[in-house]
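In: predicted coordinates and the sequence they were generated for:
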Amino acid sequence: MFVKGLIKTGEYFDSVTLMIAGRELSARPGVSDAAVVMGTSENKSILSASGLLCPEIASAGDADLVICVKTDQEQAARAALAAAEGLLKDVRQKGRSHGRYDPKSLENALQVLPDANLALISIAGKYAGDAAMSALRAGLHVMLFSDNVPLETEIQLKTFARERGLLVMGPDCGTAIINGVPLAFANAVDRGPIGIVAAAGTGLQEVSCLISNSGSGISQAIGTGGRDVKEAVGGSMFLEGIRALAEDEATKVILLVSKPPHAQVLEKIGAAVKGLGKPVVAVFLGADPRSLAGHDLHAAATLEEAALLAAALAGGKSADDSQDDLRRRDQELAGIAAEAAVKVKAGQKYIRGLFSGGTFCSEAQLISGDLPGGVYSNAPLPPAQPLPDACRSQAHCFVDLGEDAFTVGRPHPMIDFSLRNRRIQEEANDPEVAAILLDVVLGYGSHPDPAGELAPTIAAAKAGAEKEGRRIIFLCSVTGTEKDPQIRSAVEKRLKEAGAMVLPSNAAAAKVAAGIARKLDR
Amino acid sequence: MIRPFSVGDRIRPGEYRIHSRFPAVINLLSGDDLISLVTERVGAGPINIVLPGSELAGAAALSARPEGLKLDGRALCGEPVYDSGLPRRLGPDRAHWQRGIADLQALVAGSAHPKSLAFLIAPRRRSLFRCGFERSMAERLHTGAQAVMRGDLESGARTLRGTGFGLTPSGDDFLAGYMWGLHARRALGDEDPSAAIARLCAPGPGANPLARAFLRCAQEGRFFSRLKALIEAMLDGTPAQAAGRARDLLDSGETSGADVAVGFLISLQKEAVPCS
């Protein structure tokens, strides 16, 4: 046996780094034992008892690091000692998550970043209220990503904030873009003249991306959380958001996105936008058009329509011009649907929508309306009917995979595609299915490679159906931009290569799907 | 001007220079005296100065004079002094205290770092020391702890001191924890620990400046905030609060917190601890 050692003076490592380094040295070929310790006399006596003491380390003191190895060959000992230094650095580097300081309290965070004016809070809902209140007391706007915050807490926070001219975005606010910075699940969009207030996260993502992709841009995008427009909260932050955008010089057009607000909230919104001096576009998905009549706003039926209308108005075009463009585009979509419908086999008649974004599921239902054979959903909007079993589709079916039934104990479907991929395969195996509608959401927080997850599944599902003489039409929309980490065009390319049709928006994809369903009924 | 979160009450005057630097701790030395610049997460202590992380990053020299503290030439102002003493507590709820000890023991036995001294109270953990050197070290630590438990304090301290990995070896952490336990017992009305502490310190100061400073704090009954908070929670807090503070202690350093906790537990309840 050969025992070799060396002393390193003035080098300090934490104890676990030394233990791991010792263990990794021991695992090297030809090394039967090793130790990396401080050279105290006590440690040297243990080295002696272990047969690891050697003359080279005799002079080591308490503050010296000693490295000793026992090997079957002298060369192995030299190699192990030579490797030890790099090993120590590697182990220490691995042990550090990063080199920066992470404040553990709001107070400290503000000392590190005294000019901060917004706190993003993402902790368990029952604690989030206290944290949000602390931030408000410190004069910060709040983005409250957390859900499960009690309603009374939300009301308390928003009342407190409003009295101080602060915003509380949330609870359950997943998306915002403030001063060009995407927060939480948001996209890298161009800056521009359109300000958004949204009580729907994926709705905000879709309109902001469509606006950016159309050549316009976003000044600010303020999320409020879906509960804000309910009667109990009274649209508190929706109204504050409108007020903030009205005062914002960079905002030339205001776009409002939500499911239908409570009637009283809608009245307040109407009053807030009256005589604002800036055009206001509103998409309240599923709202009765009559409820919007008489208000000083441009009402849109879909997210896409709202986004393109806002972009047109910001670009100096009229609302009529935008509507004409959309009508022409919808005629093209009808042609695409007709062309696709002739390719499927007799008996294939249903469309199935599998959505990661709840707003997209709602929008698809509204566009599809009352299709022959019935429309079902686990998040139904009239005329759709409730789906008895969310895990089993029937007739025309739109499934929101972000609903609690699917997300308890597992990541959101924008992050984890496993559930949707299984469901795609199940739907494709159904001989009555003609088309499958999918939303693909890009941006920060979403899956880094959604096409890598979906494309093989789509290709396999199509191939499986074709073996049985069927043809499944996959209709995808991609919510994202070229600046997003996933790169929109690259995602679209891979989906197309897998055999999917990629449409410019969720609304467009839903229109094609509904068109196919109606053609097949004839 | 720098505004620290707290300054320890046992910082001695001197011109301190860098000794060692870790992500959340910078140790500065002036002769035999040590000061640790730490982040808030590490916490307050008798010789700690708790600073915002941004100030910690480049710190290299500290001047401690009667007129004030200066870090790299910049004055430290408005600092709240951390009181590291443990106030005398008369008539504590003994049952509550005993439950706190039992809960701490269970937590250490179940959750401490595998290479910590938790094997002294949970013997099955000794199998986690696998290679020859580790087994020899565990044997020596076990021998030292046994000596302390049977009252052979000088011999135990001599065996334990300086034994272990890292800058504050496990044996030193154990001894510090043991002495803090004696001080805690005193604060609760038990016998004066001075004689026992003197015997534990009889082997004299070692050459490791960090361990020496740490042991001196323990000898003098000056507590770091994590252990002090644990003791207060064990006396007055709910079991959940005490468990939270205990986890904070175990999170100190890599094995240090657990090693201190083991010494502290054995000191408080040596008759109930399966050390042999």
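Out: It's in. A quick note: this is a predicted structure, and the numbers were derived from the prediction, not measured.
In: strands of the stretch 251-400 of chain A, start to end?
Out: A:253-258, A:280-284, A:298-299, A:350-355, A:375-377, A:385-386, A:396-400 (DSSP state E, counting those that start in this stretch).
In: among those strands, show me which one is buried the most.
Out: strand A:253-258 (a mean of 28; mean count of other CB atoms under 10 Å in any protein chain shown). In this view, the C-beta of every residue, glycine as well, is placed from N, C-alpha and C.
In: contacting residues around residue 251?
Out: Because you didn't say which chain, this covers chain A. A:193-195, A:219-220, A:245, A:278 (CB atoms under 8 Å, 6 or more residues apart in numbering or on different chains).
In: meant chain B actually
Out: B:Gly257.
In: any idea how far it is from B:Ala261?
Out: In this structure, B:Asp251 and B:Ala261 are 11 Å apart, going by CB to CB, to the nearest Å.
In: do the same with A:Ala364
Out: Counting by CB to CB, the separation of A:Ala364 from B:Ala261 is 58 Å.
In: and what of B:Gly73?
Out: B:Gly73 is 39 Å from B:Ala261, by CB to CB.
In: those two - which one has more neighbours?
Out: B:Ala261 (31 against 7; other CB atoms under 10 Å in any protein chain shown).
In: which one of the strands of the stretch 251-400 of chain A lies closest to chain B?
Out: Closest of these to chain B is strand A:396-400, at 37.4 Å (criterion: CB to the nearest CB).
In: direction included, what does the closest one pair against?
Out: Paired strands of strand A:396-400, with direction, are strand A:350-355 (parallel), strand A:375-377 (parallel) (DSSP bridges).
In: among those strands, which is nearest A:Val433?
Out: strand A:350-355 (5.3 Å; CB to CB).
In: with just CA atoms, put the closest one into PDB.
Out: Taking Å, rounded to 0.1, in the frame of the first residue of the first chain, the C-alpha atoms of strand A:350-355 are listed here in PDB:
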ATOM      1  CA  TYR A 350     -66.600  15.000 -33.600                       C
ATOM      2  CA  ILE A 351     -64.100  17.600 -32.500                       C
ATOM      3  CA  ARG A 352     -62.300  17.400 -29.300                       C
ATOM      4  CA  GLY A 353     -60.500  20.400 -27.700                       C
ATOM      5  CA  LEU A 354     -57.800  19.700 -25.100                       C
ATOM      6  CA  PHE A 355     -56.700  23.000 -23.600                       C
END
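In: ok, and what's touching that strand?
Out: Against strand A:350-355 from outside (CB under 8 Å, 6+ apart): A:361, A:364, A:368, A:371, A:373, A:393, A:395-402, A:420, A:423-424, A:427, A:430, A:432-439, A:510, A:513-514, A:516-517.
In: and the longest strand for chain B?
Out: For chain B, the longest strand by residue count, based on DSSP state E, is strand B:14-21.
In: OK, contacts around residue 259?
Out: Because you didn't say which chain, this covers chain A. By CB under 8 Å, 6+ apart, the contact list for A:Lys259 reads A:199-200, A:226, A:229, A:284-286, A:359, A:362.
In: wait, chain B was what I had in mind.
Out: Contacts of B:Asp259 (CB under 8 Å, 6+ apart): B:116-117, B:164, B:170, B:173-174, B:177.
In: which among these count as buried?
Out: Among the contacts of B:Asp259, those classed as buried by 16 or more other CB atoms under 10 Å in any protein chain shown are B:116-117, B:164, B:170, B:173-174, B:177.
In: strands - which of those land there?
Out: Reading strands off the buried ones among the contacts of B:Asp259, I find no matches (DSSP E).
In: I'd like those as a markdown table, with pLDDT appended.
Out: Shown next, in a markdown table, are the buried ones among the contacts of B:Asp259 (pLDDT from 0 to 100):
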| residue | pLDDT |
| --- | --- |
| B:Ser116 | 90 |
| B:Leu117 | 94 |
| B:Gly164 | 89 |
| B:Ser170 | 93 |
| B:Asp173 | 95 |
| B:Phe174 | 96 |
| B:Gly177 | 97 |
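In: before we move on, the earlier item: out of the strands paired with strand A:396-400, flag the one nearest A:Glu482.
Out: Of the strands paired with strand A:396-400, the one closest to A:Glu482 (CB to CB) turns out to be strand A:350-355, at 23.5 Å.
In: circling back: filter the contacts of B:Asp259 down to the ones near chain A?
Out: B:164, B:170 (CB under 8 Å from any CB of the partner chain).
In: report the two of the contacts of B:Asp259 separated the most.
Out: It's B:Gly164 and B:Gly177 that sit farthest apart of the contacts of B:Asp259, by CB to CB, at 12.9 Å.
In: any of the contacts of A:Lys259 buried? List them.
Out: Buried members of those, scored by 16+ other CB under 10 Å, are A:199-200, A:226, A:229, A:284-285, A:359, A:362.
In: so which of those are in helices?
Out: Applying DSSP state H to those, the entries found in helices are A:359, A:362.
In: closest to A:Ala459 out of the buried ones among the contacts of A:Lys259?
Out: A:Thr359 (27.9 Å).
In: list the contacts of that closest one.
Out: A:200-203, A:206, A:259, A:285, A:303.
In: now, the most widely separated pair of the residues you listed?
Out: Greatest spatial distance among the contacts of A:Thr359 (CB to CB): A:Glu206 and A:Lys259, at 13.8 Å.
In: quick one: contacts of stretch A:156-167?
Out: By CB under 8 Å, 6+ apart, stretch A:156-167 touches A:129, A:132-133, A:136, A:139-142, A:144, A:168, A:222, A:228, A:233, A:236-237, A:240-241, A:244.
In: export the strands of the stretch 251-400 of chain A to a markdown table and append columns for distance to A:Gly464.
Out: Formatted as a markdown table, the strands of the stretch 251-400 of chain A follow (distance: least, CB to CB, whole Å):
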| stretch | distance to A:Gly464 |
| --- | --- |
| strand A:253-258 | 38 |
| strand A:280-284 | 38 |
| strand A:298-299 | 43 |
| strand A:350-355 | 15 |
| strand A:375-377 | 24 |
| strand A:385-386 | 29 |
| strand A:396-400 | 19 |
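In: now mean pLDDT too, for the ones you listed, in CSV please.
Out: Below are the strands of the stretch 251-400 of chain A laid out as CSV (pLDDT from 0 to 100):
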stretch, mean pLDDT
strand A:253-258, 97
strand A:280-284, 96
strand A:298-299, 94
strand A:350-355, 97
strand A:375-377, 95
strand A:385-386, 95
strand A:396-400, 97
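In: which non-adjacent residue is nearest the residue of the stretch 101-250 of chain B found nearest chain A?
Out: Per CB to the nearest CB, B:Gly166 is where the stretch 101-250 of chain B lies closest to chain A, at 3.0 Å. Leaving aside its sequence neighbours, B:Gly166 sits nearest to A:Ser15 (CB to CB, 6 or more residues apart in numbering or on different chains; 3.0 Å).
In: quick check, the one you found in contact with B:Asp172.
Out: No. The criterion here is CB atoms under 8 Å, and A:Ser15 misses it with B:Asp172 at 11.3 Å.
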